[in-house]
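Participant: model this:
(2 chains)
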Amino acid sequence: MSHDKPNDQVEDKLYGLLAEYESPGALIEAANEVRKAGYTKFDCHSPFPVHGIDPAMGIKPTILPVIVWAAGIAGLGLAILMQTWMNNWTYPWNIGGKPLFSLPMQIPIAFEVTVLLAAFATFFGMWGLNKLPQLWHPLFGNDRFVEKAMCHGFFVAIEAEDPKFDDEATKATLQEAGATAIEEVRYKTSKKHRALPNGVIAFMVMSVCLALVPFAYIAKKRASKSDKPHIHVVPNMDFQAKAKPQAASNMFPDGRASRVPVEGSVARGELKADDHFYRGITGGEWATEFPKEIALSAETMERGQNRFDIYCAPCHGLNGAGAGMINQRAEAVGATATGWVAPSNIGQESFAKQPHGQLFNTVGHGIRSMPGYGSQIREADRWAIVFYLRALQRSAHSTIDDVPAGDKPAIR
Amino acid sequence: MSSAETSTEALEAREYFKGISDSVCGIVEAERAPRIWYPAFAAALCVAGVLVVSLYILLTVGTGIWGNNNSEAWAWPIVNFVFWVGIGHAGTLISAVLFLMRQKWRTSINRAAEAMTIFAVICAGLFPVIHTGRPWLAYWLLPIPNDMAIWPQFRSPLAWDVFAVSTYMTVSILFWFMGLVPDFATLRDRTKSNVKHTIYGILALGWRGSARQWHRYERAYLIMAALATPLVFSVHSVVSFDFAVGQLPGWHTTIFPPYFVAGAIFSGFAMVLTLLVPARAIFNMKHIITDQHVENMCKVILATGSMVGFAYGTEFFIAWYSGNAYEGFTFLNRAFGPFAWAYWTMITCNVLVPQFFWFKKIRTSPFIIVGLCILVNVGMWFERFVIIVTSLTRSFMPGSWHYFSPTMFDASIFIGSFGLFFTLFLLFLRFMPMIAMFEVKGASPHAHAGVKHH
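Facilitator: Model (predicted):
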């Protein structure tokens, strides 16, 4: 073909014959004649749908309704599946004890989605079947067609590709059918003549590229690290003019956000006068006895173990020897080199010698690198933990003789 | 028929078709718009500016700038939402329902009415979105996967509303665009400018009026109309479910869906007339949008207005007949309580005003028509106000009773939405074919010129 030649030689090619008719009625007559003459590759063009032309041209009913019907059914099914899946399956949503699944509540959305998909099918199906958009067509090169076809002209176009096409004979057929004018429609085979204008292409390429910029930016940001806080496109309520505990604030003369209780006042339930129970001190020294509120029973021991496993084991390990998950992780990432302080081995001799009160104090207030847990663990539980620490320390120095005879085979 | 007769008939038909193209395309092609367009557009832009500023303040300060309070959480934003959605309904009714009923007179007004629908739905959509308080999270309304693995709750009418309104918007746009394509092709073939040729060319998708294409096109148009008809009824029914599914006295009634739909058509037609009666005078379209068309619309308003009046009566009757003390109180409170002024405004504008359209004299005097139509829309706004505000401010617990007073921002956002609406509509009048040329041509008797009757 000529447009494949390197120098893109333009060849004038015949598209077909274009005949104008004076009225919609004349168009119908002409279509009838052309069809009767045995032509198949022909079309009529009019500024509005001419009623009665379909049988004249032999147009068969379109399958569009079937497509729409299928899309509508698909929409109905999808909507019901969606609602069931979202509200009954992945996120079962109990609304006032009503059954999770019920069809009536699904009707409105099922209806809307049915209509939506059917409308999409109608719209896109129609353009698709009509092979549109097709911005270039040989007829657009014909002045008579351009001037009248969308306004007040009625045309028949027979394509040169029609097997029955013969310049003279076809002309005669069209003439006999009452044409007021007949023209040959030619077009240039060069691709250049069909291409979109450069400006349009440039615009499209530009806008596609520009549209990618935000995504590229987000992708880059996601892949890189920064010590700056996140960009808050919409800050929501992240930054508010509010007082946070321990923060500075120029609202009050003393410059602190938190208020201190009025001098000499004590909040309800905060008196904590009993030094032994609340602070582990008796007579100015660390208490060596458990306070009388703590029953030294198996229950307290179990409570202590339970609390220890929750609050202490992550660092100290379940046996208190210091190999908890956090320490393992710290060693694995090499934190020891940068000053990681390993949790102490609680079974160590020196801690076993510490009075109860001192251990109690460590749990509540922490020590050196270890934070205090006083805000999470109430006093009675802290004492229970101390009680359990004693058991751990005892077990750290235990021998096989400490194991009851019946359990010996199990540990071997 | 002799051939001489045929050709005069054909000639007249062609002249008529050309005349339609000339007068409709002429508006778009003219160098300048009619003089009054400019001040009108400037005014609309200014009012739209008020909207932009108010929205900026709303987004930066928060919904506290509204009069909404604890018992009255919906207030104006939802009143405005229902108001605008209702307006939109006339467009679809004209383009789809009247099409299925083979009312040929619709062809002169359907394009503009559809445009009005789309712009009204845009205004409507604005309100629930800003009413969420954090509109940038409005996508949470959609069923899309999220970090929290939570889905919309489909038992809620508010979730139905999201589907109904967005489907309505989408289908309206598709329908509208589909109708525009052949007219864009007309504009494409008439223009001398390269830039316009490219723009209209792309919009026209390469339409060439082929009979094989028209065949599928007409079928698709019919299907679209058949889909849009139940859709338009469903949309305002679903909007009414927002209320009817709630337990509040004054909301919890089964009459709401039909009553809302009638009201929507009523207000929508009033808006169409408010827009088109001046537009047809300014753009010299009286030969296309004829007095008969205007009269027909007045009659629709009369009919739907009377339906709405009937619904008001039924509501009152049922409030008494049901023997439900709360329901009874709510309605007495509407008519004689602190918001009685709103109630009687509504009754006057919606029930009494349309009755004037019994008289042909009034149906044919443009100024009176526009005046009455504006009153109808005032009344329809108050209808939603009465439903929402009187019910919420006096619900079951007297302890939570409140009087509701709007703030300046309630008003500025509502008025601003009119600015947005008119800006879009004026742009449409100027830059798009405001009348569906191919439909007017196809529906005229000239479309049968030269057709032999067997």
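
Participant: for the rest of this, base every contact and every neighbour count on C-alpha atoms.
Facilitator: OK.

Participant: residue in the stretch 1-150 of chain A with the shortest distance to chain B?
Facilitator: Chain B sits closest to A:Gly25 of the stretch 1-150 of chain A, with a gap of 3.7 Å, by CA to the nearest CA.

Participant: burial measure for that residue, as a count.
Facilitator: 24 (other CA atoms under 10 Å in any protein chain shown).

Participant: next, the contact list for it, please.
Facilitator: For A:Gly25, the contacting residues are B:His448, B:Ala449, B:Gly450, B:Val451, B:Lys452, by CA atoms under 8 Å, 6 or more residues apart in numbering or on different chains.

Participant: quick check: bridge partners of A:Thr282?
Facilitator: A:Glu285 (DSSP bridges).

Participant: wait, it sits on A:His276?
Facilitator: Yes. Here A:Thr282 reaches A:His276: they are 5.5 Å apart, a contact under CA atoms under 8 Å.

Participant: more crowded one of these two?
Facilitator: Between A:Thr282 and A:His276, A:His276 has the larger neighbour count (other CA under 10 Å), namely 21 against 16.

Participant: any idea how far that one is from A:Pro245?
Facilitator: Separation of A:His276 from A:Pro245 (CA to CA, to the nearest Å): 29 Å.

Participant: check A:Ala211 too.
Facilitator: Applying CA to CA to A:Ala211 and A:Pro245 gives a distance of 45 Å.

Participant: ok, A:Gly38 next?
Facilitator: Distance, A:Gly38 to A:Pro245, by CA to CA: 92 Å.

Participant: can you check B:Thr186 too?
Facilitator: 71 Å.

Participant: who has more neighbours, the two?
Facilitator: The residue with more neighbours, out of B:Thr186 and A:Pro245, is B:Thr186; 29 against 11, by other CA under 10 Å.

Participant: my read: that one touches A:Met150, true?
Facilitator: Yes. With contact defined as CA under 8 Å, B:Thr186 counts as touching A:Met150 (4.9 Å).

Participant: and B:Leu100, what's its pLDDT?
Facilitator: pLDDT for B:Leu100: 89.

Participant: distance of it relative to chain A?
Facilitator: Applying CA to the nearest CA, to the nearest Å, the value for B:Leu100 to chain A is 16 Å.

Participant: give me the number of residues near residue 63?
Facilitator: As the question left the chain open, I've gone with chain A. With other CA under 10 Å as criterion, A:Ile63 counts 13.

Participant: meant chain B, my bad for not saying
Facilitator: 18.

Participant: ditto for B:Trp320
Facilitator: B:Trp320: 16 neighbours (other CA under 10 Å).

Participant: what residues does it make contact with?
Facilitator: So B:Trp320 contacts B:Glu327, B:Gly328 (CA under 8 Å, 6+ apart).

Participant: cool, B:Ala112 as well?
Facilitator: B:Gly91, B:Leu276, B:Met434, B:Ile435.

Participant: check B:Thr191 too.
Facilitator: Taking CA under 8 Å, 6+ apart, one finds B:Glu29, B:His197 in contact with B:Thr191.

Participant: against chain A, how distant is it?
Facilitator: 10 Å.

Participant: same deal with B:Asp161?
Facilitator: Taken as CA to the nearest CA, the span from B:Asp161 to chain A is 9 Å.

Participant: before we move on, which element is that residue in?
Facilitator: Here B:Asp161, judged by DSSP states H and E, is contained in helix B:157-190.

Participant: enumerate the residues of the stretch 201-350 of chain A near chain B.
Facilitator: A:Val234, A:Asn236 (CA under 8 Å from any CA of the partner chain).

Participant: now the closest residue to chain B within the stretch 151-300 of chain A. Its backbone dihedrals?
Facilitator: As assessed by CA to the nearest CA, chain B sits closest to A:His152 within the stretch 151-300 of chain A, at 5.4 Å. According to degrees, to the nearest 10, the main-chain angles of A:His152 amount to phi -150, psi 20.

Participant: what about it, neighbour count?
Facilitator: With other CA under 10 Å as criterion, A:His152 counts 23.

Participant: so it makes contact with B:Ile20?
Facilitator: No. Applying CA under 8 Å, one finds A:His152 not in contact with B:Ile20, separated by 9.5 Å.

Participant: how about the helices in the stretch 251-400 of chain A?
Facilitator: A:275-279, A:298-311, A:313-316, A:325-332, A:349-353, A:356-365, A:379-396 (DSSP state H, counting those that start in this stretch).

Participant: redo those as TSV? Include mean pLDDT.
Facilitator: Output for the helices of the stretch 251-400 of chain A, formatted as TSV (pLDDT from 0 to 100):
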stretch	mean pLDDT
helix A:275-279	91
helix A:298-311	94
helix A:313-316	93
helix A:325-332	89
helix A:349-353	89
helix A:356-365	93
helix A:379-396	92
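
Participant: mind putting the ones you listed in JSON lines, distance to B:Ala159 included?
Facilitator: Formatted as JSON lines, the helices of the stretch 251-400 of chain A follow (distance: least, CA to CA, whole Å):
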{"stretch": "helix A:275-279", "distance to B:Ala159": "55"}
{"stretch": "helix A:298-311", "distance to B:Ala159": "43"}
{"stretch": "helix A:313-316", "distance to B:Ala159": "45"}
{"stretch": "helix A:325-332", "distance to B:Ala159": "46"}
{"stretch": "helix A:349-353", "distance to B:Ala159": "63"}
{"stretch": "helix A:356-365", "distance to B:Ala159": "51"}
{"stretch": "helix A:379-396", "distance to B:Ala159": "49"}
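
Participant: A:Ala160 is nearest to which of those helices?
Facilitator: Closest approach to A:Ala160 among the helices of the stretch 251-400 of chain A (CA to CA): helix A:325-332, 80.1 Å.

Participant: now the closest one: buried residues?
Facilitator: Along helix A:325-332, these residues count as buried under the neighbour rule (16 or more other CA atoms under 10 Å in any protein chain shown): A:Ile326, A:Asn327, A:Gln328, A:Ala330.

Participant: also stretch A:171-183?
Facilitator: Under 16+ other CA under 10 Å, the buried positions of stretch A:171-183 are A:Lys171, A:Leu174, A:Gln175, A:Ala177, A:Gly178, A:Ala179, A:Ile182.

Participant: end-to-end on that stretch?
Facilitator: 9 Å.

Participant: do that stretch and chain B meet?
Facilitator: No. Stretch A:171-183 lies out of reach of chain B by CA under 8 Å from any CA, never closer than 10.5 Å.

Participant: what are the ranges of the helices in the stretch 301-450 of chain B?
Facilitator: B:325-336, B:340-347, B:360-363, B:366-385, B:391-393, B:408-431, B:437-443.

Participant: and the longest one, what other elements does it pack with?
Facilitator: Spelled out, that is helix B:408-431. With contacts taken as 3 or more CA pairs under 8 Å, 6 or more residues apart in numbering or on different chains; DSSP states H and E, helix B:408-431 sits against helix B:3-29, helix B:37-61, helix B:75-92, helix B:110-131.

Participant: between the buried residues of helix A:325-332, which sits nearest chain B?
Facilitator: Of the buried residues of helix A:325-332, the one sitting nearest to chain B (CA to the nearest CA) turns out to be A:Ile326, at 27.4 Å.

Participant: what number of residues lie near the nearest residue to B:Trp76 once chain neighbours are set aside?
Facilitator: Residue nearest to B:Trp76 in three dimensions, not counting chain neighbours: B:Asp410, with 6.5 Å by CA to CA, 6 or more residues apart in numbering or on different chains. Using other CA under 10 Å, B:Asp410 has 21 other residues around it.
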